[in-house]
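>>> turn this into a structure:
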Amino acid sequence: MYQNILVPLDGSHNAKAALLEASQLAHHFKSTLHLVTIVNEQRYVPYGYGMAYPADLFADLNHRAEQILTEAQTLLREHKSTAVTTQAVVRGIPKKIIAEDYAKEHPIDLIVMGKSGVDALSRVILGSTTAYVVRHSPTNVLVISDPEDN
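Numbers count the residues shown, from 1 in each chain. Purely as a prediction, here's the structure:
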């Protein structure tokens, strides 16, 4: 039923909970997990004078993205996951990459993601990225709540 499952990762507890749920689904359906982390470079574009970012900011962002993927693979191994995975670091606006670009460019049957990400403000309600993906995705979306939030 689900051959290709997209799991967007941002390092949050909710994303890790989504990864573990997706791993179980992948085991059941013999699916491939597509692990994706997104570097949102737009967030760091200067809009006025006096704004300066460290010269190695984008290298640091890319390093963190790779680290998130490594942590995800470690978590899967710790939970004895046998799921086949692909992984990618993508640059762009997270909600558009997840809902529109990646899901349309790859044969994604299901997106499994946490209800909110690392942005503390989004924890009050359903995360804005998650809400956008639910509304705009061309495929099914499974939203996972982290048990630690309850």
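>>> so residue 72 lies in a helix, does it not?
Yes - counting by DSSP: H, G, I helix; E, B strand; the rest coil, residue 72 falls inside a helix.
>>> just the helices in this protein please.
Remark: helices assigned in the chain by DSSP state H are 13-29, 57-78, 94-96, 103-105, 128-136.
>>> mind telling me which of these the model trusts least?
Mean pLDDT per stretch puts helix 103-105 lowest among the helices of the chain, at a mean of 87.
>>> got the buried residues for that one?
For helix 103-105, the neighbour count (16 or more other Cβ atoms under 10 Å) marks residue 103 as buried. Yep, even glycine has a C-beta here, placed from its N, CA and C like the rest.
>>> packing partners of that helix?
Using 3 or more Cβ pairs under 8 Å, 6 or more residues apart in numbering; DSSP states H and E, no helix or strand is in contact with helix 103-105.
>>> list the contacts of it.
Helix 103-105 is contacted from outside by 6, 111, 137, 138, 139, using Cβ atoms under 8 Å, 6 or more residues apart in numbering.
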